[in-house]
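J.: just need the structure, nothing else, for what follows:
(chains A and B)
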Amino acid sequence: MAFPARPPGQRLPLKLPEVTAILQGSATIVWLPVGQTSTVCGTMSGVALLPFIILLPFIGALAIWLLPARARSSASLLAGAVAVALTASCLWLYGSVADGTVLRNELTWLPQFGLNLVARMDGLSWLFATMIAGIGGLIVLYAHYYMSPKDSMPRFLAFLLAFKGAMLGIVLSGNLIQIVAFWELTSVFSFLLIGYWHHTSAARDGARMALVITGAGGFALFGGMLLLGHIVGSYDLDVVLAAGDKVRSDPLYTPTLLLILLAAFTKSAQFPFQFWLPRAMAAPTPVSAYLHSATMVKAGVFLLTVFWPVLAGTSTWFWIVTYVGLATLLLGAYSAIFQQDMKGLLAYSTVSHLGLITTLLGMNSQLALVAAVFHIVNHATFKASLFMAAGIIDHEAGTRDIRKLSGLYRYMPATATLAIVASAAMAGVPLLNGFLSKEMFFGETALRNPIPFVDVSLPAVAIVASLFAVTYSLRFVHGVFFGPPPTELDRVPHEPPALMRRPIEILVLICLLVGIIPGLTIGPFLATAVKSVLGPDMPYYSLSVWHGFNWALAMSLVALAGGVILFLLLQKYLARGIEAPPFIGHIVGPRIFERLLILLSVRWAKAAERLLGTRRLQPQLVLLVAVATLAAAIPTLGGIGLLPLPPTTFDPGLALVWVVGMTCAVGAAVQAKYHRLVALMLLGGAGLATSITFVWYSAPDLALTQLLVEVVTTILILLGLRWLPQRLETSEIDPFRRFSLHRLRDLALATIAGGGIALLSYAVMTRDAPDGIARFLLENAYTEGGGRNVVNVILVDFRAFDTFGEITVLGIVALATYALLRRFRPAADSIPRPEQQRVQSAFESQRDDHKEGTILSEFLYVPSVLMRWLFPVIVTFAAFLLLRGHDLPGGGFIAGITLAIGFILQYLAGGTRWTEERLRILPVYWIGTGLLLALVTGAASWLFGYPFLTTSFQYVDVPVLGRVPVASALLFDIGVFILVVGATVLMLIAIAHQSLRSAKRDAQPPGKTAPMIEREKA
Amino acid sequence: MNALHALPEWAAILVALCLLAGALITLAGTIGLTRFPTFYQRIHAPTLGTSFGAAFILVASMIYFSVSEARPVLHELLILIFVTITTPITLMLLARAALYRDRAEGHDVAADAVEAERGETTGH
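T.: Below you'll find the predicted structure:
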């Protein structure tokens, strides 16, 4: 044991300034020489290959995703081809990284923020990339035979490839932020893969749990990476790796470390986050074999390995990482013994092996790091093959329950042999790869340590956990393959297709080769990987099978013997077939997690809603107005200066208009309680007064907009008023309550808010306007924007980006309104139809010559014909407003509202059904088209080398009209126009359809109405 | 300082007369709106303003702008047409609503009117 060890040496011989200097070079491809071999360079194409390796899986995923669901073989072939190409590229690149060179392919993205897209490969990432690509290929072959014809193969393989791309992205990223992005992508795609069989609740729950845990870890990683980048001053991985001492001595080291560890522990299923991994076994077996051997869970230990030179070497690191690893190792191994599901056993064994790797990484010793990297590879090979073997058994025998399985050796000897060899590797039997790395682990734990607790606990837990590993491996092999023939199966198991077994054969062969001749097989690759972490001065280690009789061998033998004995002792207990492990069975991680989730997302959320929310409109409004008043009051309380009474001349005409307007406004407030319609009309009067004021002061644009908005608002409120219950003046209100505190408070608030606004407006308007940007806009509207209507030029040219944001918001608001109203069923469904309709129907039913609905259809006959006639006129008017907008009052927004009013009039004139039979309006498409047109117009200026939304204008000779100014801003304005039409119509239609809904039910004959309503209520 | 000073005298007089006529007719309609006893009578009064009142004012506008800009300015005609078309819409909507309410409340105004007319002709 090397604690407290010397901090890992400066990994790169280059000094920090040199590295940054290289990185800041303008060349997109930067070679970063490492170690003494700095002169050796690979081929340029090798570097060019790196982004290809990251992107190819995503491209492949997209291509496969586009295939039809039945295209099984072509999907598999395509995925296989991608896997082969990736593996071949990785293998070919080995020559470039073998000598310690770091390949870098840098694409300048946001250099001012230190963010460039860097594809980077060193020995360690080569090892991981090859593992991910190679095992990924085997998984594709296996999955082709494993997945049932009912499952959509393209969907599965597309997710798998995308996941593979995300994993490759993590290991090949040379930028901290980029790593976080790919890290999150693995969480997302693993969610989709685990939840692939989304019809089962186990898959959904498992997927969600994995997403929540690893997603939370990803968030922590983001924080950790930001802190790390802040400490170092760069997000570039190579710069960070060279700044280990700086990081460790920084006061922010501990929070950084904790955040990054949180990420790694959640991803690698370390205690106390281990429980998501067994739950993820609801995934199809190829997914488990891939995610839990070579990829997903290895991302966490990869992170720890990569940042080992930067973060390791402190006592904080040692205590947290080593003991979390040890706890996981022990807990996983113990739980694995008592699993009844084959995949559950393997899952807990995975947890335990990840704990072993974490422990090694925590020891702050270079030899332990070698062992950790070695075990990462070994675990990937034997665990992938074991998962695939379990999948074959599940596939051929129909169950994974060890209690039901027995004696399968006689039915599938080849598969059984492979699984037995892989299990032996898992248990650490000599001549297999698991033995070698485990012995290195024993060797490291057996080292004397000055702290007694560490000195005892490390080797003790190591032996006990390995003993458990032998026991569960034995249980797996014995329970499934030996003993009497199975009796509880619904079919006779047999060997799978030979090709389905091939991936396992390859992996088991690797296990054997590495286990017998490690120096010739894994040796050089391991050395390259370790060198890229530790730098050129690597510790001496030996990979040979026989080291003589030493502590490590003794511990191995004890574990093997003890494991066999424990297995024999447990025979009786295991035969009882109890699901949960003894002693800790009642502590169920997932259940605690669910409780926590419910507490957070349901209980606390509801409590917060009860505490802070209300369903009543009045308190909401009171709060809103009070907060707004307060916000305005705080800065003005210091005094707003003089309020002079300027000696302006006073126009009696305008004053009269204002008197009318103010009377209307006050009248509206007075009438609002009992006569809403009257109040609405009076509001219109007030709006009209405002509109006239705008005209008076030469703001025709504003006047026009105000007028149109008034119209639309009135219609909107009218449509909404229909659903408010009638309020009669005679009843309900107790005269003594009229001046309750409640109302006094409202009155005071309203007075303060209104008076405050008036005061503020007065103060602003009596002041000299500061010399702002207005002058610039007025002077340059024509020369720069090519329009004489300054308001419009501001909207579509000078501040077009603002407008773009505004129309986006408008579109979102319209969609949100639609979404809210789509399912909205007002209480009117349960109360009778409007009185007028009932009276009319009653009248019609008395007279024989009137059919039901005649009065309704004839009621507005003449007005509706007139309104229909006006439709083309309104459309023309809208076009007129739109086209002249750049020079004269008008523009896209005004024209859009005008056209929307035209549509609404048709709805009013003919009724919803009549209009929709004849006029097919698809407002959502309008919104999309408008937004897209505005965007494309803006983006088009890139083609000419100008920034986004640069406009150009010139004069064009049109045959009849003569010389006409044409600005590209017009196209943008048309986009605004289309979007405004779509948004306005969508909102109004959403409300208009409410009446259609309840009318539908009324259309039933009276006899049939009752049961309908009954059913609706039920 | 009056814009009318810029016009030739005959045009100024014509414009002023038209404006006054339009304003007076509209005023008469407004007075009628407040003075007539029943809703059905009141509803007719303001139409004076939207028909003849508007027509006179628009003619004044046409003369004024045609003379002052020395070219025919006639797009007020459009205003006239649209006002003429849209006024009946409002009128009919209002009348329909009033008629419905009266009937719903039990006094059939149309029948009453017929009755009343019959009574007059028979010499009551």
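
J.: find the centremost residue of the chain, please.
T.: Using chain A here. A:Val188 (7.0 Å; Cα atoms, centre = their mean).

J.: nope, chain B
T.: Short answer for chain B (Cα atoms, centre = their mean): B:Leu48, at 2.2 Å.

J.: measure that residue to B:Ala16 for me?
T.: 20 Å (Cβ to Cβ, to the nearest Å). All C-beta atoms are positioned from the backbone trio N, CA, C, and that covers glycine.

J.: let me see the contact set for A:Gly434.
T.: A:378-379, A:382, A:424-428, A:511, A:515 (Cβ atoms under 8 Å, 6 or more residues apart in numbering or on different chains).

J.: secondary structure element holding the residue nearest to the centre of chain B?
T.: Using DSSP states H and E, B:Leu48 sits in helix B:47-48.

J.: quick check: next helix or strand after that helix?
T.: Next along from helix B:47-48, by DSSP H and E: helix B:54-69.

J.: what residues of that following helix count as buried?
T.: B:54-65, B:67-68 (16 or more other Cβ atoms under 10 Å in any protein chain shown).

J.: got a list of what the closest residue to the residue nearest to the centre of chain B other than its chain neighbours touches?
T.: By the measure of Cβ to Cβ, 6 or more residues apart in numbering or on different chains, the closest residue to B:Leu48 outside its immediate chain neighbours is B:Gly29, 3.3 Å from it. Neighbouring residues of B:Gly29 by Cβ under 8 Å, 6+ apart: B:45-49, B:53.

J.: before we move on, what about A:Asn792?
T.: A:Asn792 sits in contact with A:701, A:885-886, A:890-891, A:973, where contact means Cβ under 8 Å, 6+ apart.

J.: most neighbours out of those residues, which is it?
T.: A:Asp973 (31 neighbours; other Cβ atoms under 10 Å in any protein chain shown).

J.: quick one: A:Leu367 from chain B, how far?
T.: Plainly put, A:Leu367 is 93 Å away from chain B if you go by Cβ to the nearest Cβ, to the nearest Å.

J.: in the stretch 801-950 of chain A, what residue is nearest chain B?
T.: A:Pro863 (4.3 Å; Cβ to the nearest Cβ).

J.: isn't there a helix covering that residue?
T.: Yes - according to DSSP: H, G, I helix; E, B strand; the rest coil, A:Pro863 belongs to a helix.

J.: model confidence for it, exactly?
T.: A:Pro863 is assigned 83 on the pLDDT scale.

J.: repeat for A:Ser352
T.: Note on A:Ser352: pLDDT of 93.

J.: now swap in the one 3 residues further on and tell me
T.: For A:Gly355, the pLDDT comes out at 94.

J.: run a quick neighbour tally on the nearest residue to A:Leu474 once chain neighbours are set aside.
T.: In this structure, A:Leu474 finds its nearest non-sequential neighbour in A:Phe567, 4.5 Å apart by Cβ to Cβ, 6+ apart. By other Cβ under 10 Å, the residues close to A:Phe567 number 20.

J.: wait, doesn't A:Phe567 sit right on A:Arg475?
T.: Yes - between A:Phe567 and A:Arg475 there is a contact under Cβ atoms under 8 Å: 6.3 Å.

J.: which SSE is the closest residue to chain A within chain B in?
T.: Nearest residue of chain B to chain A (Cβ to the nearest Cβ) works out as B:Ile89 at 4.3 Å. Assigned by DSSP H and E, B:Ile89 belongs to helix B:76-104.

J.: where does A:Glu579 land in three-state SS?
T.: A:Glu579 - assigned by three-state DSSP - is coil.

J.: count of residues packed around A:Glu806?
T.: 15.

J.: tell me the pLDDT of the residue of the stretch 301-450 of chain A found nearest chain B.
T.: Nearest residue of the stretch 301-450 of chain A to chain B, counting by Cβ to the nearest Cβ: A:Leu303, 72.0 Å away. As summarised for this prediction, A:Leu303 has a pLDDT of 94.

J.: got the contact list for A:Val860?
T.: Residue A:860: Leu, not Val. Contacts of A:Leu860 by Cβ under 8 Å, 6+ apart are A:909, B:92-93, B:96.

J.: of those residues, which is the most crowded?
T.: Result: A:Ala909 is most packed of the contacts of A:Leu860 (other Cβ under 10 Å), 21 neighbours.

J.: tell me the pLDDT at that residue?
T.: 82.

J.: over to A:Leu557?
T.: pLDDT at A:Leu557 comes out at 89.

J.: what about it, how many residues nearby?
T.: A:Leu557 - counted by other Cβ under 10 Å - has 12 other residues nearby.

J.: and it, what helix or strand is that in?
T.: helix A:551-575.

J.: helices or strands up against that helix?
T.: Helices and strands touching helix A:551-575, as assessed by 3 or more Cβ pairs under 8 Å, 6 or more residues apart in numbering or on different chains; DSSP states H and E, comprise helix A:433-445, helix A:452-481.

J.: following it, which helix or strand shows up next?
T.: helix A:589-598.

J.: buried ones in the helix or strand just after that next one?
T.: Next helix or strand after helix A:589-598 toward the C-terminus (DSSP H and E): helix A:604-612. Buried residues in helix A:604-612, counted by 16+ other Cβ under 10 Å: none are found.

J.: can you list contacts of the helix or strand following helix A:604-612?
T.: Next in sequence after helix A:604-612, counting helices and strands by DSSP H and E, comes helix A:617-636. Residues outside helix A:617-636 that contact it (Cβ under 8 Å, 6+ apart): A:614, A:745-746, A:749-750, A:752-753, A:756, A:760.

J.: A:Cys90 versus A:Asp122, what's the distance?
T.: Applying Cβ to Cβ, the value for A:Asp122 to A:Cys90 is 13 Å.

J.: once you drop chain neighbours, what's closest to A:Ala63?
T.: Using Cβ to Cβ, 6+ apart, the nearest residue to A:Ala63 is A:Leu78, at 6.3 Å.
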